[in-house]
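Enquirer: Using only what follows, build the 3D model:
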Amino acid sequence: MTSVADPKSVKVNLTTGTGLDIEWKDGHRSHYSFPFLRDACPCALCDEERSKTGRQPGEAPKPKAGELPMFKPAAKPLSAEGVGKYAIRFKWNDGHELGIYSWQFLRDVCPCEECGAVKHSA
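Expert: Predicted coordinates:
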């Protein structure tokens, strides 16, 4: 059985640092920047932090009141690997590597305009 969350092709642009591109079997194309993916990390730790602050997956954390913005390098994976036939995992430059990004999760958080319009009309 094929699901819309089954990728036809997946391209991780590690060298250029431009992000992750997925062409889905239904013809839809998604582009995810690496900072978006890092801020969307689906691991329990990141998910709990997001739910406490009301952030959506992919939304950058807001600075705490009175906190000076610190320079931090842009999120970039050092490596990426497939997890079975259902997901991808990244090892990030900040040392984080717990998130397993399932194809279904990635399709659900697709940041394109078309998917955004569907989410906001639901």
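Enquirer: element containing Arg50, please.
Expert: Per DSSP states H and E: Arg50 is located in helix 44-53.
Enquirer: list the buried ones in the very next helix or strand once past that helix?
Expert: Counting by DSSP H and E, the element after helix 44-53 in chain order, helix or strand, is strand 77-83. Neighbour counts over strand 77-83 (16 or more other Cβ atoms under 10 Å) mark 77, 80 as buried. Where you see a C-beta, it was placed from the backbone N, CA and C, and this is true even at glycine.
Enquirer: Can you give the distance of strand 77-83 from its chain's centre?
Expert: Taking Cα atoms, centre = their mean, to the nearest Å, one finds the center of strand 77-83 at 12 Å from the center of the full chain.
Enquirer: Which neighbouring elements make contact with the strand or helix carrying Gln104?
Expert: In the assignment (DSSP H and E), Gln104 maps to helix 103-108. For helix 103-108, the packing partners by 3 or more Cβ pairs under 8 Å, 6 or more residues apart in numbering; DSSP states H and E come out as strand 19-24, strand 29-32, strand 87-92.
Enquirer: Could you list the low-pLDDT ranges of this structure?
Expert: 1-2, 67-70, 119-122 (pLDDT under 70).
Enquirer: Tell me which residue is most central in it.
Expert: With distances taken as Cα atoms, centre = their mean, the residue of the chain nearest its centroid is Leu37 (2.6 Å).
Enquirer: rewinding a little: residues in contact with the helix holding Arg50?
Expert: For helix 44-53, contacts defined as Cβ atoms under 8 Å, 6 or more residues apart in numbering pick out 41, 55-57, 59, 61-62, 96, 98-99.
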